[in-house]
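Student: sequence? don't have it. structure:
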C-alpha cells in the first residue's frame, strides 16, 4: 500500500473515500446499492477481502447499518455508504449506535430530495437530517468534503473521531465531489495519524462497560475478548443494563452529550481563506466551497476584500469559527444547494449586526463561481 | 443425563443483573431460555465465545439476564447485527433470539435473506402468535379468526408458518418444537448450533396473558397441554392428509441440507482478492 499511496493518481471522490477508509483501518463494509454512492461499495468489495477485511451487500440500508454496528461491536472499524433514501432507512440503527456508543462511519453522498428525489443531481439537502434524523437527543458528528483529496483525508478524520469519541460520524459528500475526477497525491501511511478505540485496561471482572473516563468516554471491549457485557438501545446504567432510575438516566444523557462538548476544539474543523482583512465573507461547505473559493479570488481581483470560511465540521456547528467572522465582517454570504440549512445555523450563532445573505439552489444544478461572485459584489 | 437447573442458574445467569425479569408468571420464554442454556452446556461452549443477540419484545429481554456477550438490538434487526458480528469473528457462536412479530413482520426481510445468505448463525424464534409486550395486537402468526386488541371482530388475515417460510427461503437447518417438548427443543438447538450455515428453531409458545385469555384457551398450563395434544412429529405428519393436519403443530426437523456456508466461502474470496491485489 505504501508505494501505491505515494503515486499520483486520478481518482474520483468516491474512490478517495475508499482509500481513506482503508488507510484509517476500516475492515468492514455493509451497504446497499444506491446512486451516487455505489462506487464506494464496488471498490471496497474488491479491496477489503485482500486486506483480511469483509464486504457484504445487505438486503437494505436498515440491515446494512445493523451489520456495521455488529461488526464494530466485534472489534472491527466499520462503515457504510449511501445516499438520501438509504440514509433515511439508516436512521433507526444510527440512533442505536449513538445510544450504545458504537464507533462507525456513515457516508452520505447527497442527491436531490425529498423522497426518491433527483437521481442523480447534486444537492445538500440532508444536512439537518444528518444532525437530527434519528429520534431523541443524541450526540453525533457531521463532516463534509469538498474535494477528492478531502474525501481521502476527511474520511480518515471521520474514523479517528468516531473511534476516539465512540460516536457515529456522518460524512457528507455530494454528487459533484463524488464523481469529479482529480489528480491527487495521497499522503503516505507514515503521514497519516490513525486513532483506535481505547480498550479496557482492567481485568474483565472490573470492567464497567459504560463508565466514562475523565473525558466521559468508556473503554470499549470487543465481543469475544473475554469482557462479557450487555449492549442495549434501552437507556442503561454504567453497567449496560436497562434503567428507569431518573438519576441514572440523566447521568447517561449528560455524559453522552458532554463527551462531544468537551471535544469541541478538536472536532470543529474549518479552513480559512483570505479572512484576515476580509470585509465580506462566504461561508460554504462541500462542492459549493470550491465555487466559493474561485468567486472570492475573482472578487479580490475586483478590489473587494472577500474571504472564505470552509466548514468541514457541520455539527457540532463550529460556532468558534463562525462567530468571530460575524463580528469582523460587514456581510456574509451562505450559498447552499438547499433551502438554507446551514444559513439557519449561522443565524442562530449571530449576535452582531452582520448581514447574513442566503443563496440557495434547489433545481438540481450546481452553484457556479459566477453566481457566487455576482452575489458577492452586491453585498 | 439431565442438567440440574441450579447448575444452569449458577453458571449462566448474570449475578450482577437486577432481577426480577420482565416475563409474566407461566411465560414460555423462560422454558426456551432453560433449553438454550442446557444446549449451550451440552455443546461445552465457553461463555466468552457465545454471542446472544435479540430484537424488541418480551423475547428481546432474554440476553439481558444471561452471562454471555449480549446485544439487545432494534425491533426485527437482531439478524443484521448478528451477521456483522459473525462475519468479522467467525469463531464466535452467534444466536439471534426473536419473537414472531420481531422475526417475521418488522424483521421479515432480514429473516428470509439471512436464510438465503446462509451465514452460520442460529435463530431461535419464540412464536406466541401475538404482540405480547405492547398489549396483545395481532402478529403475522395470529390465526385466522382469533381475537386480539387490534382484531376485536376476529382476525381476517392468514398466518405465516415460520419454519416452512425459513425452509423455503433456503435455511440449512429448520426445526420446530413447542415449549411442552423441552427435550426435543434441547436436541434441536444443539443440532442447530452444530449445523454449518443458517439454522432456525421455531418454538411454539404460550402468551396466555395476551392471547390465551382473549381466545378462551385457558391459563399457561392449559395452553401448554394444548401444545402437547396438538403436536405431531414430522414423520407422522408425512403420513397424514392435509385436512387432518389442520390446526396441528408439526414438530421435529423440517429441513436439513448441506449448502455452502457463506462465512467459510468468504475465506475463499479473501484468497482470490489477495492474488488479484498483491
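Tutor: Looks like it arrived, so ask away. Fair warning: this is a prediction, and the values are worked out from it, not measured in the lab. Numbering: from 1, shown residues only, chains lettered A, B, ... in the order given.

Student: ranges for the helices of chain A?
Tutor: For chain A, applying DSSP state H gives helices covering A:2-6, A:13-24, A:38-47, A:61-73, A:84-100, A:127-132, A:148-165, A:175-179, A:246-261, A:264-267, A:287-301, A:319-328, A:343-349, A:369-378.

Student: weakest of the ones you listed by average pLDDT?
Tutor: Averaged per stretch, pLDDT over the helices of chain A is lowest on helix A:2-6, reaching a mean of 57.

Student: one step back: same list (the helices of chain A) but as JSON lines, adding distance to chain B.
Tutor: For the C-beta atoms, the positions are set from N, CA and C on the backbone; glycine is no exception. Shown next, in JSON lines, are the helices of chain A (distance: least, Cβ to the nearest Cβ, whole Å):
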{"stretch": "helix A:2-6", "distance to chain B": "10"}
{"stretch": "helix A:13-24", "distance to chain B": "11"}
{"stretch": "helix A:38-47", "distance to chain B": "6"}
{"stretch": "helix A:61-73", "distance to chain B": "3"}
{"stretch": "helix A:84-100", "distance to chain B": "5"}
{"stretch": "helix A:127-132", "distance to chain B": "18"}
{"stretch": "helix A:148-165", "distance to chain B": "15"}
{"stretch": "helix A:175-179", "distance to chain B": "23"}
{"stretch": "helix A:246-261", "distance to chain B": "11"}
{"stretch": "helix A:264-267", "distance to chain B": "26"}
{"stretch": "helix A:287-301", "distance to chain B": "30"}
{"stretch": "helix A:319-328", "distance to chain B": "33"}
{"stretch": "helix A:343-349", "distance to chain B": "29"}
{"stretch": "helix A:369-378", "distance to chain B": "39"}
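
Student: any chance of the ones you listed in CSV, plus mean neighbour count?
Tutor: Output for the helices of chain A, formatted as CSV (neighbours: other Cβ atoms under 10 Å in any protein chain shown):
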stretch, mean neighbour count
helix A:2-6, 12
helix A:13-24, 27
helix A:38-47, 20
helix A:61-73, 31
helix A:84-100, 22
helix A:127-132, 20
helix A:148-165, 24
helix A:175-179, 25
helix A:246-261, 15
helix A:264-267, 14
helix A:287-301, 22
helix A:319-328, 17
helix A:343-349, 17
helix A:369-378, 18
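
Student: Serialize the ones you listed to TSV and add fields for distance to residue A:225.
Tutor: Shown next, in TSV, are those (distance: least, Cβ to Cβ, whole Å):
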stretch	distance to residue A:225
helix A:2-6	30
helix A:13-24	21
helix A:38-47	26
helix A:61-73	11
helix A:84-100	16
helix A:127-132	32
helix A:148-165	16
helix A:175-179	37
helix A:246-261	22
helix A:264-267	27
helix A:287-301	42
helix A:319-328	38
helix A:343-349	40
helix A:369-378	52
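
Student: per-domain residue ranges of chain A.
Tutor: Taking automatic domain parsing as the reference, chain A has its domains at A:2-191, A:270-378.

Student: out of these, nearest to residue B:12?
Tutor: Residue B:12 lies closest, by Cβ to Cβ, to one member of the domains of chain A: domain A:2-191, at 20.7 Å.

Student: what about the stretch 101-250 of chain A, any weak spots by pLDDT?
Tutor: Applying pLDDT under 70 to the stretch 101-250 of chain A flags no residue at all.

Student: how about a cut-off of 90?
Tutor: Across the stretch 101-250 of chain A, the ranges flagged by pLDDT under 90 are A:120, A:189.

Student: Please verify my assumption that residue A:224 contacts residue B:88.
Tutor: No: assessed by Cβ atoms under 8 Å, residue A:224 is found out of contact with residue B:88, at 9.5 Å.

Student: Between the two, tell me which one has more neighbours.
Tutor: Per other Cβ atoms under 10 Å in any protein chain shown, whichever of residue A:224 and residue B:88 has more neighbours is residue B:88, with 26 against 20.

Student: For that one, give its distance to chain A.
Tutor: Between residue B:88 and chain A the distance is 4 Å, computed by Cβ to the nearest Cβ, to the nearest Å.

Student: Next: residue B:128.
Tutor: 21 Å.

Student: What is the burial count for that residue?
Tutor: Per other Cβ under 10 Å, the neighbour tally for residue B:128 reads 30.

Student: Phi first, then psi, for it.
Tutor: phi -110, psi 10 (degrees, to the nearest 10).

Student: ok, the nearest residue to it once chain neighbours are set aside - contacts?
Tutor: Spatially, and ignoring its direct neighbours in sequence, residue B:128 is nearest to residue B:207 (3.9 Å; Cβ to Cβ, 6 or more residues apart in numbering or on different chains). For residue B:207, the contact set (Cβ atoms under 8 Å, 6 or more residues apart in numbering or on different chains) comprises B:27-28, B:58, B:128-130, B:132, B:136.

Student: pLDDT score for residue B:207?
Tutor: Per-residue pLDDT puts residue B:207 at 98.

Student: Surely residue A:12 is in contact with residue A:176?
Tutor: No: between residue A:12 and residue A:176 there is no contact under Cβ under 8 Å: 10.5 Å.

Student: quick one: contacts for residue A:229?
Tutor: Contacts of residue A:229 (Cβ under 8 Å, 6+ apart): A:207, A:209, A:221, A:239-240, B:69-70.

Student: Go through these and give me the one with the most neighbours.
Tutor: Counting neighbours by other Cβ under 10 Å, residue B:69 leads the contacts of residue A:229 with 31 neighbours.

Student: Strands of the stretch 51-200 of chain B, start to end?
Tutor: B:69-72, B:93-99, B:122-127, B:130-131, B:137-138, B:173-178, B:199-204 (DSSP state E, counting those that start in this stretch).

Student: Could you export the ones you listed as CSV, including mean pLDDT?
Tutor: Listed next are those as CSV, based on pLDDT from 0 to 100:
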stretch, mean pLDDT
strand B:69-72, 98
strand B:93-99, 98
strand B:122-127, 98
strand B:130-131, 98
strand B:137-138, 98
strand B:173-178, 98
strand B:199-204, 98
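
Student: Format those as TSV; extra columns: distance to residue A:8.
Tutor: Shown next, in TSV, are those (distance: least, Cβ to Cβ, whole Å):
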stretch	distance to residue A:8
strand B:69-72	45
strand B:93-99	44
strand B:122-127	50
strand B:130-131	59
strand B:137-138	61
strand B:173-178	53
strand B:199-204	51
